[in-house]
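Engineer: Provided below are the primary sequence and the corresponding predicted coordinates.
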Amino acid sequence: MRPYTETISACDKEPLIASIDRALSSWLTHAPYLAFFRSKLRRARVLPPVQIPDDMITMDSRFAVTDARNGNTFDYTLVFPEQQSERQGKLSVLSPMGMVLLGARVGDEVVWTSAAGPEIATIKKLFYQPESASRQDPRPNRTSSMPELFLG
């Protein structure tokens, strides 16, 4: 497993911090995780979208992960909490799993704690990443002129 550094779009930083602040007032069980995640966001340095690796999970990325315990593969889209939908495979970035997936790259193994205990999954494939899509499609979108945040 190679070490990785989380990366998010600069246009996601403030909405993410606002989501964390709202969640902290109502999700007491996740408060320590959220406070840590918020501190990482605040320390982030900015990178232009063209420097974001094509295999890195960012906000609104679609990807597949394989559960290390049973070998099952699941597809998800990493979204803001307001867009979360288990039925549609939309995973909140503020969930314990979502927080470790942000910035992970294809081939990385991620570990988080769920209600069932420690969980391990491997990122198998990235189907869509907004930053990569904007480099391939010259039409303007939410990331075309925004720098990226590099968390480390």
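Structural biologist: Structure received. Numbers count the residues shown, from 1 in each chain.
Engineer: Please, where are all the helices along the chain?
Structural biologist: 10-24, 31-42, 96-101, 130-136 (DSSP state H).
Engineer: Tell me where the model's unsure across this structure.
Structural biologist: Confidence mapping of the chain against pLDDT under 70 gives the ranges 1-8, 11, 24-31, 45-46, 136-152.
Engineer: which residue is nearest the middle of it?
Structural biologist: The central residue of the chain, meaning the one whose C-alpha is nearest the mean C-alpha position (CA atoms, centre = their mean), is residue 102 at 2.3 Å.
Engineer: gap between it and residue 42?
Structural biologist: Residue 102 is 15 Å from residue 42, where distance means CB to CB, to the nearest Å. Where C-beta positions appear, they are placed from N, C-alpha and C, glycine not excepted.
Engineer: Can you list the buried residues in stretch 61-69?
Structural biologist: Neighbour-count burial for stretch 61-69, with 16 or more other CB atoms under 10 Å as criterion, is recorded at 61, 62, 63, 64, 65, 66.
Engineer: would you turn the helices of the chain into TSV with mean neighbour count and distance to residue 53?
Structural biologist: As requested, the helices of the chain are exported to TSV (neighbours: other CB atoms under 10 Å; distance: least, CB to CB, whole Å):
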stretch	mean neighbour count	distance to residue 53
helix 10-24	17	16
helix 31-42	15	18
helix 96-101	21	15
helix 130-136	18	9
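Engineer: Pull up the pairing partners for the lengthiest strand in the chain, direction included.
Structural biologist: Among the segments of the chain that qualify as a strand by DSSP state E, the longest is strand 117-128. Partner strands and pairing direction for strand 117-128 (DSSP bridges) are strand 62-67 (antiparallel), strand 109-114 (antiparallel).
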